[in-house]
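Novice: Just a sequence and a predicted model for now, questions to come.
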Amino acid sequence: MKLIKIPFLLIWRLWFYILITSTILLMSPFLVILTSKESYYSTFWKMIRGWAHVLVYGMGFRISKQIDQVLDRQKSYMFCPNHASLMDPFVLIILSKNPIVFVGKKELVKIPIFGFFYKRVVIMVDRSSPTSRKRVYERAKKRLKDGVSIGIFPEGLVPTEDVVLAPFKNGAFSLAIEHQIPIVPQTYYDCKRFFSWDFLKGGIGTFRIRQHQFLETKGLKSSDLDSIKEKLFQIIYNELISDKLYMKDTNRIN
């Protein structure tokens with residue numbers, strides 16, 4: 001059984017990179033135009049949502065959603081899911097019709113073809129540089145004023161297999177409080193289980209997602225940052241540790 005499973009997984013993983021590369025190449029002429037001006041971003045977002053559907057469903061995945069509170073298309077939000085897999089951004093893109101600008105790692109710019117468009121639309125951060133973090137903050141503020149939402153994985157990284165949830169960084173909460181926008185907690189239960197960074201793990205399945213009640217920031221001040229950060233952490237952490245499928249996959253700790 002193992003001899004059958006491993007070759008299948010390797011071929012399936014290879015198919016992901018073929019799929020993502022070929023679709024980016026096909027979209028390239030349109031992406032060059034749509035990433036040239038920030039005013040085109042809403043149209044760009046529609047195309048990227050279609051692309052995300054192709055990638056997620058093209059890999060054989062399905063999405064099962066539990067939506068505790070529905071988004072208002074006219075509002076900006078701070079989206080904060082747990083980070084578990086390479087598939088997380090594509091899942092978030094599918095879930096939101098509201099255009100989202102991501103704050104992401106600068107290292108992804110090095111990926112051929114993908115990196116060219118990535119640096120044109122993502123707010124890149126070098127977490128080792130205070131200057132970079134300040135620049136990210138200023139760019140995010142500008143985009144929020146343009147009416148888009150921000151997507152930040154507050155862990156800042158994909159934690160190792162045995163960690164339930166890594167400690168949260170401050171950036172998402174600082175921005176949400178300053179602009180008085182709701183924080184959208186999302187729990188991704190299965191992305192790591194089905195699409196781990198380990199090429200010899202995973203498989204086709206259904207990503208279960210829960211979008212929780214929003215955390216309101218109206219009236220909050222910078223002194224409330226640690227409190228709301230801890231509240232979000234506990235919402236997602238408690239969801240994960242209470243999920244039997246998530247916890248039995250590996251011996252996770254926190």
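Specialist: All right, it came through fine.

Novice: what's the neighbour count on Lys244?
Specialist: Counted with other C-beta atoms under 10 Å, residues neighbouring Lys244 total 8. In this view, the C-beta of every residue, glycine as well, is placed from N, C-alpha and C.

Novice: Same question for Leu71.
Specialist: In terms of burial, Leu71 registers 18 neighbours under the definition other C-beta under 10 Å.

Novice: The spatially closest residue to Thr35 that is not a sequence neighbour and Thr43: what is the separation?
Specialist: Using C-beta to C-beta, 6 or more residues apart in numbering and skipping residues adjacent in sequence, the residue nearest Thr35 is Arg120, 4.1 Å away. When C-beta to C-beta, to the nearest Å is applied, the distance between Arg120 and Thr43 equals 14 Å.

Novice: Could you do Gly58 as well?
Specialist: Using C-beta to C-beta, Gly58 is found at 22 Å from Thr43.

Novice: Report the central residue of the protein.
Specialist: Against the mean C-alpha coordinate of the chain, by C-alpha atoms, centre = their mean, the closest residue is Pro89 at 3.4 Å.

Novice: now it, nearest residue through space, not along the chain?
Specialist: The shortest distance from Pro89 to any non-neighbouring residue, by C-beta to C-beta, 6+ apart, is to Phe102 (6.5 Å).

Novice: My reading is that that neighbour lies in a helix. Confirm?
Specialist: No - Phe102 is assigned strand when assessed by DSSP: H, G, I helix; E, B strand; the rest coil, not a helix.

Novice: That one bridge partners, please.
Specialist: Phe102 has these beta-bridge partners by DSSP bridges: Gly151.

Novice: contacting residues around it?
Specialist: Under the criterion of C-beta atoms under 8 Å, 6 or more residues apart in numbering, the contact list for Phe102 reads 89, 121-123, 150-152.

Novice: tell me, how many neighbours does His153 end up with?
Specialist: That one is not His; residue 153 is Phe. 25.

Novice: Report the spatially nearest residue to it, omitting neighbours in sequence.
Specialist: Of all residues not flanking Phe153 in the chain, His83 sits nearest, at 3.9 Å (C-beta to C-beta, 6+ apart).

Novice: now the one you found, what's its secondary structure?
Specialist: The three-state label given to His83 by three-state DSSP is coil.

Novice: That one contacts Thr160, doesn't it?
Specialist: No - the pair His83 and Thr160 does not pass the contact test of C-beta atoms under 8 Å, sitting 11.8 Å apart.

Novice: Looking at these two, which has the bigger crowd around it?
Specialist: Set side by side, His83 and Thr160 give different neighbour counts by other C-beta under 10 Å, the larger being at His83 (21 against 11).

Novice: contacting residues around Lys97?
Specialist: So Lys97 contacts 49, 71, 73 (C-beta under 8 Å, 6+ apart).

Novice: Check the residue nearest to the centre of the chain and give its pLDDT.
Specialist: pLDDT, the model's per-residue confidence, is 94 for Pro89.

Novice: check which helix or strand covers it.
Specialist: Secondary structure assigned from DSSP states H and E places Pro89 in helix 88-95.

Novice: Run through the neighbouring helices and strands of that helix.
Specialist: Where contact means 3 or more C-beta pairs under 8 Å, 6 or more residues apart in numbering; DSSP states H and E, helix 88-95 is packed against helix 41-58, strand 62-67, strand 78-81, strand 100-105, strand 183-188, strand 206-211.

Novice: Could you check how sure the model is about the third one, as an average pLDDT?
Specialist: Read that as strand 78-81. According to the model, strand 78-81 has a mean pLDDT of 97.

Novice: For Ser22, the count of nearby residues, please.
Specialist: The number of residues packed around Ser22, counting by other C-beta under 10 Å, is 10.

Novice: no no, Ile177
Specialist: Neighbour count of Ile177, defined by other C-beta under 10 Å: 21.

Novice: Check the gap between it and Ile183 for me.
Specialist: If you measure Ile177 against Ile183 using C-beta to C-beta, the figure is 9 Å.
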